[in-house]
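# fold the following and give me the result.
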Amino acid sequence: MFVVELAFTPAPERLAARPAHRAALARLHTEGKLLAAGPWADDAGALLVFALERAELDQVMDEDPYYRRTPGVEVRSVREWAPIMGLQPSS
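So this is what the prediction gives:
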């Protein structure tokens with residue numbers, strides 16, 4: 001499982017790219033690959049929790065330009081996470 005932390009600026013390109021990004025997130029959630037995602041309450045960034053291996057996460061992030069090529073979006077961290085309760089991927 002991996003946690004991705006994003007930082008945002010108010011760049012108009014970020015807001016324009018957001019609908020396609022959220023559609024991709026909805027698909028990943030339906031597939032059980034995304035457990036949770038959402039912006040910080042102040043919209044300064046977001047947190048996403050993926051139930052993927054690192055290679056697949058890298059592919060997801062490469063295919064969605066929001067992560068790597070959209071002005072106003074910065075990937076602050078990608079960290080492997082091993083929760084002991086709560087968000088558990090479905091088998």
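
# quick one: the strands in the chain?
Counting by DSSP state E, the segments of the chain that form strands are 2-8, 34-39, 45-50, 73-80.

# give me the residues contacting the first one.
Residues outside strand 2-8 that contact it (CB atoms under 8 Å, 6 or more residues apart in numbering): 14, 39, 43-50, 52, 54, 57, 61, 67, 72-81. (Each C-beta comes from the backbone N, C-alpha and C, glycine too.)

# okay, buried residues for that strand please.
Neighbour-count burial for strand 2-8, counted by 16 or more other CB atoms under 10 Å, picks out Phe2, Val3, Val4, Leu6, Phe8.

# could you list the low-confidence segments of this protein?
Scanning the chain for pLDDT under 70 picks out 87-91.

# gap between Glu31 and Glu80?
Using CB to CB, to the nearest Å, we find Glu31 at a distance of 20 Å from Glu80.

# what's the angle between the top helix by length along the chain and strand 73-80?
Counting residues, the longest helix found in the chain (DSSP state H) is helix 12-30. Orientation check (axes from the mean of the first three to the mean of the last three CA atoms, to 10 degrees): helix 12-30 against strand 73-80 gives 30 degrees.

# tell me the buried residues in helix 12-30?
Across helix 12-30, burial judged by 16+ other CB under 10 Å covers Arg14, Ala17, Arg18, His21, Ala24, Leu25, Leu28.

# and the residues you listed as TSV, adding distance to Gly86?
What follows is the buried residues of helix 12-30, written out as TSV (distance: CB to CB, whole Å):
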residue	distance to Gly86
Arg14	29
Ala17	30
Arg18	27
His21	25
Ala24	24
Leu25	19
Leu28	19
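
# which residues touch the nearest residue to Pro83 once chain neighbours are set aside?
Of all residues not flanking Pro83 in the chain, Met1 sits nearest, at 6.8 Å (CB to CB, 6 or more residues apart in numbering). Listed by CB under 8 Å, 6+ apart, the contact set of Met1 reads Leu35, Val49, Phe50, Ala51, Leu52, Glu80, Trp81, Ala82, Pro83, Leu87, Pro89.

# thanks again, I'm all set now.
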